[in-house]
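Enquirer: got a predicted model here, sequence first, then my questions.
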Number of protein chains: 2
Amino acid sequence: MVQLDDLDRAILRILKEDARLTISEIAERLNRPESTIHFRIKKLQEKGIIDRYTIVLGKDLQPKALAVVYIQAETPIIEDFLERYILHIMKTLSLLPNVLAVARSGRDGVIALIGEESQEKLNRFVDETIKVLPTLKRVEVLPITDITKGNGIVGFLVDV
Amino acid sequence: MVQLDDLDRAILRILKEDARLTISEIAERLNRPESTIHFRIKKLQEKGIIDRYTIVLGKDLQPKALAVVYIQAETPIIEDFLERYILHIMKTLSLLPNVLAVARSGRDGVIALIGEESQEKLNRFVDETIKVLPTLKRVEVLPITDITKGNGIVGFLVDV
């Protein structure tokens, strides 16, 4: 496990909020010499604590309707088939631009975050693309009405 | 809806991958004058298409065990109570550092993304913090085994 001190954490918190700040702006905020901040950020990057710098896209590019969809496959007699089938579903969903995130859930499940322009389009996508997948045991659609923590998630995930 | 042309989209895609690139590096990649790139990025920021710049934290700071938890409250006779109860659950969860994201799902549901150091800790958190909430109709725990699309989500959400 990595050891981070208070200064490292303070720098990371500042960069999470605004990664465009200059070394000298961060140094001023934390009341430390620029050389210290420069050295710390360099180390945090080298160690992979900072994995990458990115942008969060604004509301205009974000889908208006969101849902978490849980897909559970029917357990077949041949175990190997289940494995290949789950990987196939995950790959198929990953290629779709309106599927913002795809994760595996256990041996027989897939979780996807779906984003569409409207609730109607989202419902249609679930009906016409997900529910038609063969040999599913269960499809659970959990609509997302409002995000109260981790709000930037959609602007982070959305494609352009 | 905003109008973005191919150049805007190309710039956004580059910044999503690496927001630390300089104007001149982006200009070179896209074979356009620096002044054009500078102007476009300025516009994208002003219009809020680029909402903010941030960092994604690396594996070392990310929780090892993840789960999506869906909580559905029992529908009480007094409607106003349900509303206040759901908001209370959302607020309570939002304050916890191991709860990476919290969203409302419809009138009576809450979805949370939980991250813990180990599967045991995650199970204990669900048992001792979530399942003990009064008047729940249903608690569904969907473990996340592997993220195949939107992988940066955890490093984006995690607190330091």
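Expert: Great, that's in hand.

Enquirer: quick one, strands of chain A?
Expert: Assigned by DSSP state E, chain A shows strands spanning A:50-57, A:65-73, A:99-105, A:109-116, A:136-144, A:146-149.

Enquirer: so what strands line up beside the second one?
Expert: If I follow you right, that is strand A:65-73. Taking DSSP bridges as the criterion, strand A:65-73 forms sheet pairs with strand A:109-116 (antiparallel), strand A:136-144 (antiparallel).

Enquirer: could you list the low-confidence segments of chain A?
Expert: Applying pLDDT under 70 to chain A flags the ranges A:1.

Enquirer: for it, list the residue farthest from the centre, please.
Expert: Residue farthest from the centre of chain A, counting by CA atoms, centre = their mean, is residue A:33 at 35.1 Å.

Enquirer: now the strands of chain A in JSON lines, with mean neighbour count?
Expert: For glycine as for every other residue, the C-beta is placed from the backbone atoms N, C-alpha and C. Converted to JSON lines, the strands of chain A look like this (neighbours: other CB atoms under 10 Å in any protein chain shown):
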{"stretch": "strand A:50-57", "mean neighbour count": "22"}
{"stretch": "strand A:65-73", "mean neighbour count": "21"}
{"stretch": "strand A:99-105", "mean neighbour count": "23"}
{"stretch": "strand A:109-116", "mean neighbour count": "24"}
{"stretch": "strand A:136-144", "mean neighbour count": "16"}
{"stretch": "strand A:146-149", "mean neighbour count": "16"}
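
Enquirer: any idea which of these gets closest to residue B:10?
Expert: Closest approach to residue B:10 among the strands of chain A is made by strand A:50-57 (13.4 Å; CB to CB).

Enquirer: counting by contacts, list what that closest one packs against.
Expert: Contact here means 3 or more CB pairs under 8 Å, 6 or more residues apart in numbering or on different chains; DSSP states H and E; on that basis strand A:50-57 packs against helix A:153-157, helix B:6-17, strand B:50-57.

Enquirer: surely residue A:63 and residue A:113 touch.
Expert: No. Using CB atoms under 8 Å, residue A:63 makes no contact with residue A:113, being 9.8 Å away.

Enquirer: between those two, what contacts are shared?
Expert: Both residue A:63 and residue A:113 are contacted by residue A:100, under the criterion CB atoms under 8 Å, 6 or more residues apart in numbering or on different chains.

Enquirer: longest helix in chain A, by residue count?
Expert: Criterion DSSP state H: the longest helix present in chain A is helix A:79-94.

Enquirer: what does it contact?
Expert: In contact with helix A:79-94 (CB under 8 Å, 6+ apart) are residues A:71, A:73, A:75-76, A:99, A:102, A:104, A:107-110, A:112, A:133, A:135, B:148-149.

Enquirer: could you check how far residue A:24 is from residue A:30?
Expert: As for residue A:24, its distance to residue A:30 is 11 Å (criterion: CB to CB, to the nearest Å).

Enquirer: who's more crowded, those two?
Expert: Legend: neighbour count by other CB atoms under 10 Å in any protein chain shown for residue A:24 and residue A:30, higher for residue A:30 (16 against 11).

Enquirer: pretty sure that one contacts residue A:13?
Expert: No. Applying CB under 8 Å, one finds residue A:30 not in contact with residue A:13, separated by 10.2 Å.
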